[in-house]
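Compute the structure for the input listed below.
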Amino acid sequence: GRAFFPPSMSGSNAVKTQLNNFIQYFKTYGMTTHFWGPIANWGFVIAGLNDMTKSPEVISARMTGVLCVYSMLFMRFAYMVQPRNWLLFACHFCNEG
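You can find the predicted model right below:
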């Protein structure tokens, strides 16, 4: 609402400022591996969900174990790295589920 914008800003200037802030934020965060790495890792979650429809004989127990260990390690990494990468953490948390 109004408390967010300085009193001197009109409606269209406030929208332009918000848009410019979003663009600047996307350039500094959205164009980094801190963002695109977790986005790519969501493919593992999608693959795991897809495997739920397959018969148990097709699913590799060894590969599932490797995925669980991998996800646990990267959950820790995502939590320990500064700044914390919550998007990566959420992705690997879903893999563990």
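
which residues touch the nearest residue to residue 84 once chain neighbours are set aside?
Closest residue to residue 84 apart from its sequence neighbours, by C-beta to C-beta, 6 or more residues apart in numbering: residue 78 at 6.9 Å. C-beta: built from backbone N, CA, C; applies to glycine. Counting by C-beta atoms under 8 Å, 6 or more residues apart in numbering, residue 78 touches 38, 84-86, 88-89, 92.

Next one: the residue minimising distance to the centre of the chain from residue 74, what distance?
With distances taken as C-alpha atoms, centre = their mean, the residue of the chain nearest its centroid is residue 87 (2.8 Å). From residue 87 over to residue 74 the distance is 12 Å, taken as C-beta to C-beta, to the nearest Å.

before we move on, the earlier item: pretty sure the residue nearest to the centre of the chain sits against residue 40.
No - Residue 87 lies out of contact with residue 40 (C-beta atoms under 8 Å); the separation is 11.0 Å.

After the strand or helix carrying residue 17, which helix or strand is next?
Per DSSP states H and E: residue 17 is located in helix 11-25. Counting by DSSP H and E, the next helix or strand C-terminal to helix 11-25 is helix 33-51.

And that next one, what does it pack against?
helix 61-80, helix 86-96 (3 or more C-beta pairs under 8 Å, 6 or more residues apart in numbering; DSSP states H and E).

Identify each buried residue in that helix, please.
Under the neighbour-count criterion of 16 or more other C-beta atoms under 10 Å, helix 33-51 has 34-35, 38, 41, 44-45, 48 buried.
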